[in-house]
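Participant: this one's sequence-less:
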């Protein structure tokens, strides 16, 4: 059984809620958190089982089908009602007078908007540079470096990667080729005291919670293009000097 993008997103949201209830100290603010790594590993394993189904033994195929069946059973679950019959598709909160709203409802509202935007970006525009992000090699004195100009890109998940100010990366002292990449990141900020009881295992850190999530980016140099990053240029060392490779054409949105 092949799950749609909406079903995978719903499954990921339900897993986050379930883990959050079992381990209150678990975090999922960005891709560096251990919790996100666990979910990505599970998603990768399920995806690999799906692609390799033809090569599995009968026993392994039966196990994979059982995992897929249980995963599909979780997809209808939404905030406040794990046994509803809404089916697949994007969901938004249906407000009515006197309704009691909690954190899950507000998160569902944000998730609806984010999922809708990322789906539109992914399917209508694709991934690549939208505007700007020109890369140059710094000609001033000091260590060799590349400068990424401000601009906007879309990654393969449909997320916007916005570089608001020029970014400088020092080039390595060794090597002949590097890919200049930017990747979407989220960073929590604006922590305030939490109303709930602190988690004893977390110490003082559990008594505060962030009130904002900053959508930002990471800029890196890599020897090979990354799966979740947008490659904006390739630089090569020619006669001992780094130069932007004019033969490399970065992907651009449609």
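Facilitator: Sure, I can see it. These numbers were taken from a predicted model, which means no experiment stands behind them. Residues are numbered from 1 along each chain as shown.

Participant: quick one, strands of the stretch 101-250 of the chain?
Facilitator: Assigned by DSSP state E, counting those that start in this stretch, the stretch 101-250 of the chain shows strands spanning 128-132, 135-137, 145-148, 151-154, 160-163, 167-170, 177-193, 208-222, 230-238, 241-244.

Participant: of the ones you listed, which is nearest residue 15?
Facilitator: strand 177-193 (17.6 Å; CB to CB). Where C-beta positions appear, they are placed from N, C-alpha and C, glycine not excepted.

Participant: and that closest one, which residues are buried?
Facilitator: Neighbour counts over strand 177-193 (16 or more other CB atoms under 10 Å) mark 178-186 as buried.

Participant: check which helices and strands it is in contact with.
Facilitator: Secondary-structure packing of strand 177-193 (3 or more CB pairs under 8 Å, 6 or more residues apart in numbering; DSSP states H and E): strand 145-148, strand 160-163, strand 208-222, strand 230-238.

Participant: compute the inter-axis angle for it and strand 208-222.
Facilitator: 170 degrees (axes from the mean of the first three to the mean of the last three CA atoms, to 10 degrees).

Participant: can you list the strands that strand 177-193 pairs with?
Facilitator: Take DSSP bridges as the rule and strand 177-193 pairs in its sheet with strand 208-222 (antiparallel), strand 230-238 (antiparallel).

Participant: winner for burial among those strands?
Facilitator: A comparison of these by mean neighbour count, using mean count of other CB atoms under 10 Å, puts strand 230-238 on top with a mean of 19.

Participant: for stretch 193-213, measure first residue to last.
Facilitator: Using CA to CA, to the nearest Å, one end of stretch 193-213 lies 16 Å from the other.

Participant: would you map the helices across the stretch 51-200 of the chain?
Facilitator: Secondary structure of the stretch 51-200 of the chain by DSSP state H, counting those that start in this stretch: the helices cover 58-74, 103-120.

Participant: among the ones you listed, which one carries the weakest average confidence?
Facilitator: Among these, helix 58-74 carries the lowest mean pLDDT, at a mean of 66.

Participant: indicate which one of the helices and strands packed on strand 177-193 is closest to residue 251.
Facilitator: Closest among the helices and strands packed on strand 177-193, using CB to CB: strand 230-238, at 7.3 Å.

Participant: now for residue 158, how many residues are close by?
Facilitator: 22 (other CB atoms under 10 Å).

Participant: do the one 4 residues further on as well
Facilitator: By the criterion of other CB under 10 Å, residue 162 has 16 neighbours.

Participant: read off the pLDDT value for it.
Facilitator: 95.

Participant: distance of it from residue 102?
Facilitator: Here residue 162 is placed at a distance of 31 Å from residue 102 (CB to CB, to the nearest Å).

Participant: cool, and residue 168?
Facilitator: 44 Å.

Participant: now do residue 224
Facilitator: Distance from residue 224 to residue 102, by CB to CB: 44 Å.
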